[in-house]
Each structure stands twice: as structure tokens, then as C-alpha cells.
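Colleague: Sharing a model that was predicted from the sequence below.
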Amino acid sequence: MQTPQIKDNNYLDMEFRPLQEQEEIQRDLIKHMLVYIKENSPFYQKSLSEYCDKDFNELPFTTKEDIAKHNRDLLCVPENQIAESVSTSGSTGKPVYLHLTSTDLHRLADVEGRAFSSMGIKNGDKVLLAVTLDRLFMAGMAYYLGVAKAGARSLRIGPGQLGGIIELIKELKPQSIVAVPSTLKMLCERLQDEGVPNPLKKALLIGEPIRDDIGESTPHARYIQETTGMQLFSSYGISEIQGSFVECDKGCGAHLHTDLMHVEITNEDGQILKDGEYGEVVITSLGVTGMPLLRFKTGDIASLDTTPCLCGRKSPRISPIRGRLAQRLKVKGVNIFPNQVYRALDRIEDVTDYYIEAHEHSPGCDRLIVHCHTENNSLSEKDLASTLGTFLRVTPEVIFSHESVIKSTIRSHSNRKTARFIDRRPSVNKNK
Ligand SMILES: [Zn+2]
């Protein structure tokens with residue numbers, strides 16, 4: 001069995017090399033990956049058999065459904081070489097299992113170690129991991145490996161009770177934290193209320209965006225920065241390709257690790273889009289031995305920027321995720337994502353709480369209803385609809401509701417990741 005080229009640390013300076021050189025190295029790694037999966041994965045042996053002399057961008061995509069359906073056939077190693085199995089959070093359906101060899105765990109440590117190093121975390125630093133470390137989630141485990149790789153110390157508290165996190169902060173005074181933005185905001189508020197000095201200087205934020213697609217901070221991120229002065233780093237992680245991308249301290253997109261993953265942005269027909277154009281993020285994992293994936297369709301919408309960054313890195317950067325493909329709405333001919341509606345609502349001071357609802361108006365044409373509560377009655381439903389229209393390029397329907405009604409609606413849907421988005425479109429619900 002041929003092993004893919006794993007050169008631990010060999011490419012640590014990869015992202016600083018000229019982009020052309022990065023692309024040349026990447027082409028070699030892709031060639032190697034293709035040979036490896038054709039030789040070792042029954043799934044790719046079959047699916048690639050008719051694509052002998054095709055260019056890379058003509059090769060077939062791999063979907064989440066493929067991983068669920070052909071789980072064993074995607075494996076490139078015998079089962080006794082699997083060191084860890086994880087599952088994705090199942091936000092789009094049933095959990096999907098992924099299998100990693102011990103080599104893959106080293107690669108994962110390398111990916112996340114780079115994230116911490118680019119944040120300036122080093123030997124002697126303490127990193128509080130306030131994220132889920134069990135339940136087959138990959139992220140927490142990956143960050144744990146990354147902290148060790150960066151030579152720092154892990155404090156594995158998990159996301160649970162804030163009281164326990166505060167005790168640990170008092171006792172061991174960590175300088176950095178990995179958390180979801182809403183948890184970090186609550187933690188900062190509690191520290192302030194209880195008069196506990198906040199030693200945290202840097203935060204790696206996962207799960208929720210901290211910037212919108214024009215680069216403006218979300219209200220949670222703004223609150224944390226203004227009240228604590230903490231440096232915030234946004235990240236985008238994808239379990240299926242065993243990796244994540246983290247912003248550098250310039251905060252203008254997350255840098256790609258060109259030796260570990262190949263990223264494309266594609267349109268609905270699968271064609272590759274230009275720099276700055278938004279489309280689906282498609283990723284090929286490089287250097288993975290257990291379950292490498294070719295052109296995996298993530299279902300996330302973002303764009304790429306290949307101009308050099310002010311930090312000196314020349315690897316392309318990926319924008320904040322605009323939304324999930326499955327949540328895209330088409331309202332009066334305009335494509336729109338729930339995240340964009342949230343950001344617009346967050347900018348209007350009088351709006352204190354909200355949720356949004358999507359209905360199908362006719363095939364391919366959706367209705368967007370914004371249910372919200374406003375603080376002082378200075379705005380009418382019509383005023384608010386037209387203000388939202390200027391931000392969103394399409395005017396939604398607005399219905400004012402009592403705060404308690406909004407809160408209970410969000411709570412009753414809170415077992416789903418997107419509690420503020422209620423999708424009543426039949427085409428979406430029939431797949432669930
Ligand atoms: Zn940078």
C-alpha cells in the first residue's frame with residue numbers, strides 16, 4: 001500500500017511562500033492523492049475508473065450522502081488501522097461517521113497547531129478549551145491536539161457550567177480560550193459582574209461567525225472586544241476534510257493551508273468561480289490516509305481572496321461563511337441567506353429580538369417573514385421592512401410580536417442549530 005506524502009512540519013512556512021510555488025507543490029500533492037485513493041479506496045476505484053485523463057476540475061464531487069452511503073468503501077486502510085472514529089454534528093440529517101488513522105491524528109494536530117501558532121500562542125501559554133471534547137465531535141479533540149502541537153498547555157473544561165470555568169480562570173489564569181462567541185460573551189459578562197479580573201487576551205471562536213461578509217463584527221464580537229480588549233480570531237472548520245482555517249491577526253479572512261487542503265468555490269453547475277465571487281466551498285483533503293475525500297461539497301457559501309495578506313502570508317483566504325446552501329432563499333429573484341437577515345436586524349437598534357420564517361410562494365420563489373420585537377414604538381412594520389430592504393436588496397414581510405412569543409418560538413426550535421430560522425418550505429422539509 002502506498003502512503004500519501006506526509007511531511008510533518010516540512011511545509012510550516014508554506015503559506016509564506018509565493019502563491020505560484022504553493023500551487024506547484026499542491027499540484028504534486030493532488031497527483032499523489034489521486035493515485036492513493038484510486039489504489040486504496042473501493043469507492044474511488046469505481047467512481048474514478050472512467051475519468052482517466054481528465055483535468056482535476058472535471059473529476060466527480062464527493063457529497064455528504066456519499067460518505068453516509070459508502071462509508072466503508074471510502075476507507076483506504078484496513079479497519080484495524082483506524083485510531084479514532086468521529087461523527088459530524090448531523091445538522092443536515094443523520095450523523096455521518098468519519099475514520100482517522102494515527103497518521104491522520106498527527107496531521108490534524110499539525111493543522112490546529114498552525115492555527116494556534118498563527119494566533120501567537122506558544123510554549124508556556126495556557127489555553128482554556130471551553131468546547132465539547134466528547135460525543136464523537138472532532139473540533140474539541142482537534143484543538144486539544146493543536147494546543148499540544150503548539151507547545152502550550154490545555155485546560156479541558158468543556159462548554160458546561162460557567163461557574164466551573166470562572167473557578168478555573170481564578171486559579172490558573174489562562175491567557176487564551178477556544179469557545180463559541182455566545183458562550184464567551186456570557187463568560188465575559190459574568191467575570192465583570194463578579195469582579196473577577198479577566199486574564200484572557202486571545203480567543204479562537206468556533207461555530208458562529210464573528211464577522212459578516214463585509215467584514216463588520218457581529219454584536220457578540222463587538223461587545224467582547226469593546227469590554228475586554230480581547231483579540232478575536234474567527235475559524236471555519238469542516239470535520240469531513242479533517243481541518244480548519246483560522247484568521248491571522250489582520251482579521252481579513254481565514255488562511256488556507258495549501259499543502260493540507262485544496263479549496264475551490266463553485267457555482268450551481270459545478271464550475272469554478274473567480275476570486276471574490278460567492279459559491280459553494282468544495283475541498284479536497286491532502287495527506288489524509290484513512291478517509292481522504294476528493295472535491296467534497298461542504299454546502300457552505302463563501303468566496304476566496306488570492307491577494308497577499310498584510311501579515312506576509314501568500315496563501316489564499318476564505319471569506320466568512322455567508323450561509324448554508326440548504327438555507328438559501330430566493331425572494332423576488334434575489335438570493336439571500338438567514339445570516340444576512342440576522343446581520344441586518346442586528347444593525348437596527350430598536351430591534352431587541354427576532355426570528356425569521358421561510359415559506360414557499362411558488363416553486364423556486366420563497367416568502368421571507370421577519371418576526372421581531374422593537375423596544376420603543378418609533379418604527380412601524382412598514383418602516384422596518386423598508387429599512388431591511390435597503391440592507392438586503394429585497395423587502396421582507398415584517399410582523400411585530402411580543403418578546404415572550406419570540407423567545408418561546410426560538411426555544412421550541414432550539415434543538416436545531418438554527419433556532420432563529422424556521423424553514424417551512426415543503427421542498428426543504430421533505431428531505432428531513
Ligand atoms: Zn494574514
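Modeller: All right, it came through fine.
Colleague: quick one: buried residues of the lengthiest helix in the chain?
Modeller: Longest helix in the chain by number of residues (criterion: DSSP state H): helix 19-40. Buried residues in helix 19-40, counting neighbours by 16 or more other Cβ atoms under 10 Å, are found at 19, 22, 25-26, 29-30, 32-34, 36-38, 40. Heads up, the C-betas are built off the backbone N, CA and C, glycines and all.
Colleague: Next, give phi and psi for the residue of the stretch 101-250 of the chain found nearest the ion.
Modeller: Nearest residue of the stretch 101-250 of the chain to the ion (Cβ to the ion) works out as Cys248 at 3.2 Å. Per-residue torsions, Cys248: phi -90, psi -170 (degrees, to the nearest 10).
Colleague: if I read this right, it contacts Pro308, doesn't it?
Modeller: No: applying Cβ atoms under 8 Å, one finds Cys248 not in contact with Pro308, separated by 11.7 Å.
Colleague: Give me the more crowded residue out of those two.
Modeller: Neighbours were counted for Cys248 and for Pro308 using other Cβ atoms under 10 Å; Cys248 has more, 21 against 15.
Colleague: list the contacts for that one?
Modeller: Ser118, His255, Cys309, Cys311, Arg313 (Cβ atoms under 8 Å, 6 or more residues apart in numbering).
Colleague: where's it relative to Leu345, distance?
Modeller: Going from Cys248 to Leu345 by Cβ to Cβ, to the nearest Å gives 30 Å.
Colleague: just Ala419 next, same as before
Modeller: 14 Å.
Colleague: quick one: which of those two has more around it?
Modeller: The neighbour comparison of Ala419 against Leu345 (other Cβ under 10 Å) goes to Leu345, with 23 against 14.
Colleague: Tell me which helix or strand comes right after whichever helix or strand that one is part of.
Modeller: If you go by DSSP states H and E, Leu345 is part of helix 338-346. As assigned by DSSP H and E, the chain's next helix or strand after helix 338-346 is strand 351-362.
Colleague: Parallel or antiparallel, which strands does that next one pair with?
Modeller: Take DSSP bridges as the rule and strand 351-362 pairs in its sheet with strand 365-374 (antiparallel), strand 421-423 (parallel).
Colleague: Taking helix 338-346 as reference, get the angle to that strand.
Modeller: Strand 351-362 runs at 140 degrees relative to helix 338-346, counting by axes from the mean of the first three to the mean of the last three Cα atoms, to 10 degrees.
Colleague: Only C-alpha atoms, please: export strand 351-362 in CSV.
Modeller: Extracted in CSV, the C-alpha atoms of strand 351-362 (Å, rounded to 0.1, in the frame of the first residue of the first chain):
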residue,chain,number,x,y,z
VAL,A,351,-35.0,45.6,17.3
THR,A,352,-34.4,43.6,20.5
ASP,A,353,-35.3,40.1,19.4
TYR,A,354,-36.4,38.2,16.3
TYR,A,355,-36.8,35.1,14.3
ILE,A,356,-37.3,34.6,10.6
GLU,A,357,-39.6,32.3,8.7
ALA,A,358,-39.4,31.0,5.1
HIS,A,359,-42.4,29.7,3.1
GLU,A,360,-42.6,28.6,-0.5
HIS,A,361,-44.6,31.2,-2.5
SER,A,362,-44.3,29.2,-5.8
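Colleague: Quick one: mean pLDDT over stretch 188-198.
Modeller: Mean pLDDT, stretch 188-198: 95.
Colleague: Okay, buried residues for it please.
Modeller: So for stretch 188-198, counting by 16+ other Cβ under 10 Å, buried means Cys188, Leu191.
Colleague: Please compute how far the longest helix of the chain lies from its chain's middle.
Modeller: 24 Å (Cα atoms, centre = their mean, to the nearest Å).
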